[in-house]
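*Asks:* got a predicted model here, sequence first, then my questions.
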Amino acid sequence: MSDMVSKTVSRQSTNMSSNETFAETEEAPTYAPSIPVPNVQELVREDPLQVPQRYVRDQEDRPKDTDMSHLSSLIPVIDLSLLLMGNEDELNKLDLACQEWGFFQVVNHGVTNELLQKMKDSAAEFFDLPLEEKNKYAMPSNDIHGYGHAYVVSEDQILDWSDALILLIMGMEKEALLKLHKQLVHGYRMNYYPPCSKPDQVLGVSPHSDTSTITILMQDDYICGLQIQHKEEWVPVNPIPNALVVNVGDVIEILSNGKYKSINHRAVANPEKARMSYVSFLVPHDEVEIEPLDHMVNPQNPQKIYNKVKYGEYLRNSMKMKMEGKAHTKMAKIDTIA
Ligand SMILES: O=C(O)CCC(=O)C(=O)O
Ligand SMILES: [Fe+2]
C-alpha cells in the first residue's frame, strides 16, 4: 500500500501540531487553499464519546429518523453483462436510471471479487497506520491529493465526520471517451468514517454532487451510509455485496443539457462501526471545454441550460466553496436559469 501511495502522492514536508496537519509545497498553488482541520479518526481514538461543536449540524441538516429505506429497493440495478450484449431493455433501464435517479448499482461488472477485496485491504492498511505515518502523505493546503480534508474554506464551517485519502492517478489513453476528454483523468478517493457517538447530529460527507463525468463507488458490503436525494427525500443506497454504485457527475449533466442528473448525495455516520468507501472519479483533462452537446438541445429539451466552461476552471472554482449541494454548478449555468 505505502508503495502505491508513494508512487502517486509525492511526499510533502509536514509540520504537525497535535492532531492538525499542514503541508508545505514549493510548487505554485494549483487549487484554492483548504484550511487544516483535525483528524477525525484521531479524535475518536482519543475519546470515542466526544463530538466537538464544529461537527454538529444545524437541526434541518441532520439525518432524520424518518426511514426512507422502502425507497432503496427502487434504485435501479444494472446488469453490465446484459448491456454489453446489447440488451435493449437493459439499455432503456440505464437511460431511465440516469434521468430519474442519477444513481444506479452495477452487477456482473467483470471486476473480480479478489481485486475489489485487494482495494479494500490496502485502504484499510493505510488508515490503520499511526497518524505520523499517514501524515507523511498529508494533503498540502493548496492541493487535493493526499491524506486529509478538502473543501474547508472557513473557520466556522461545519465539518464532516470523516478523513480521506485522495489520489489523482492515471491519464488513460482510451479511445472511447478520449475525444470528449482529451485524456481521461482518474481520481481515487478513499473515505474513512470513524464511528460517531452522536450519529444523528453529524454528517460523514456533506450533501454534494460530484464534479466528475461519472463516479464509480464501492461501499462497504454491509454497513450503510450513502444516501441520495430523490424527490426531496434522502434515500439510503443499500449495499449489494460486490456491486459497484455508479452515478452521473456534473460533466454528464452539462453535456446532456440536464437530461441526465448529477444527484445530490451525502454519507451519514454509524454509531458503532467505522465505514469506508472507495470512490473512482473519471474526469476530463483540465483544458477540455464542456457544454451541452448539440443533439442534446432538441425539441424535447429546447432550452440550453449550461454555458461552455473549461473543466479545470470548473473544478477549481468548486474547490473554493464548501461542499453545499449543487451550489458549485451555478458557475456553468446560464444566468437566467435558477
Ligand atoms: O461514502 C460514500 O458513500 C459517499 C462518498 C462520496 O460521495 C464522495 O467521496 O464523493
Ligand atoms: Fe460524492
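*Replies:* Happy to help now that I have it. Ligands and ions are numbered 1, 2, ... in the order given.

*Asks:* could you measure from the residue sitting nearest the centre point of the chain over to ligand 1?
*Replies:* Centroid-nearest residue in the chain: residue 210, 5.7 Å away (criterion: CA atoms, centre = their mean). Counting by CB to the nearest ligand atom, to the nearest Å, the separation of residue 210 from ligand 1 is 5 Å. Quick note: C-beta positions are derived from backbone N, CA and C, even for glycine.

*Asks:* for residue 215, grab phi and psi.
*Replies:* Backbone torsions for residue 215, taken as degrees, to the nearest 10, come to phi -120, psi 140.

*Asks:* distance of it relative to ligand 1?
*Replies:* According to CB to the nearest ligand atom, residue 215 and ligand 1 sit 7 Å apart.

*Asks:* can you say which helix or strand has residue 287 in it?
*Replies:* Using DSSP states H and E, residue 287 sits within no helix or strand.

*Asks:* whoops, I mixed them up, residue 90
*Replies:* Assigned by DSSP H and E, residue 90 falls in helix 88-96.

*Asks:* buried residues of that helix, list them for me.
*Replies:* For helix 88-96, the neighbour count (16 or more other CB atoms under 10 Å) marks 90, 93, 94 as buried.

*Asks:* for residue 108, see how far away the last one is.
*Replies:* Summarising the geometry, the distance separating residue 94 from residue 108, computed by CB to CB, to the nearest Å, is 14 Å.

*Asks:* the residue of the stretch 101-250 of the chain found nearest ligand 1: how many residues sit nearby?
*Replies:* Nearest to ligand 1 in the stretch 101-250 of the chain, going by CB to the nearest ligand atom, is residue 226, at a distance of 3.4 Å. For residue 226, the count of nearby residues is 23 (other CB atoms under 10 Å).

*Asks:* again, but for residue 129
*Replies:* That count, for residue 129 with other CB under 10 Å as the rule, works out to 16.

*Asks:* up against ligand 1, what does the stretch 201-338 of the chain have?
*Replies:* For the stretch 201-338 of the chain, the contact set with ligand 1 under CB under 6 Å from any ligand atom comprises 205, 210, 217, 219, 225, 226, 265, 267, 277, 279.

*Asks:* about what we covered before: of the buried residues of helix 88-96, just say which sits nearest to ligand 1.
*Replies:* The closest of those to ligand 1 turns out to be residue 94 (CB to the nearest ligand atom; 20.6 Å).

*Asks:* report pLDDT for the closest one.
*Replies:* Turning to residue 94, the model gives it a pLDDT of 96.

*Asks:* find the nearest non-adjacent residue to it, please.
*Replies:* Using CB to CB, 6 or more residues apart in numbering and skipping residues adjacent in sequence, the residue nearest residue 94 is residue 78, 5.5 Å away.

*Asks:* which SSE is immediately downstream of the longest helix seen in the chain?
*Replies:* Counting residues, the longest helix found in the chain (DSSP state H) is helix 113-128. Later in the chain than helix 113-128, the nearest helix or strand by DSSP H and E is helix 131-134.

*Asks:* burial measure for residue 70, as a count.
*Replies:* So residue 70, with other CB under 10 Å, has 8 neighbours.

*Asks:* show me what counts as buried in stretch 325-332.
*Replies:* So, applying 16+ other CB under 10 Å, buried residues of stretch 325-332: 326, 328, 329, 331, 332.

*Asks:* residue 314: which element?
*Replies:* Following DSSP H and E, one finds residue 314 within helix 311-318.

*Asks:* quick one: mean pLDDT for that helix?
*Replies:* In this model, helix 311-318 has an average pLDDT of 92.

*Asks:* where does the residue lying farthest from the centre of the chain fall, phi/psi-wise?
*Replies:* Of all residues in the chain, residue 299 has its C-alpha farthest from the mean position, at 33.3 Å, by CA atoms, centre = their mean. Backbone torsions for residue 299, taken as degrees, to the nearest 10, come to phi -60, psi -30.

*Asks:* hmm, back to that, helices or strands next to the very next helix or strand once past the helix holding residue 90 in the packing?
*Replies:* Using DSSP H and E, the helix or strand that follows helix 88-96 in sequence is strand 103-107. Packing partners of strand 103-107 (3 or more CB pairs under 8 Å, 6 or more residues apart in numbering; DSSP states H and E): strand 77-79, strand 244-248.
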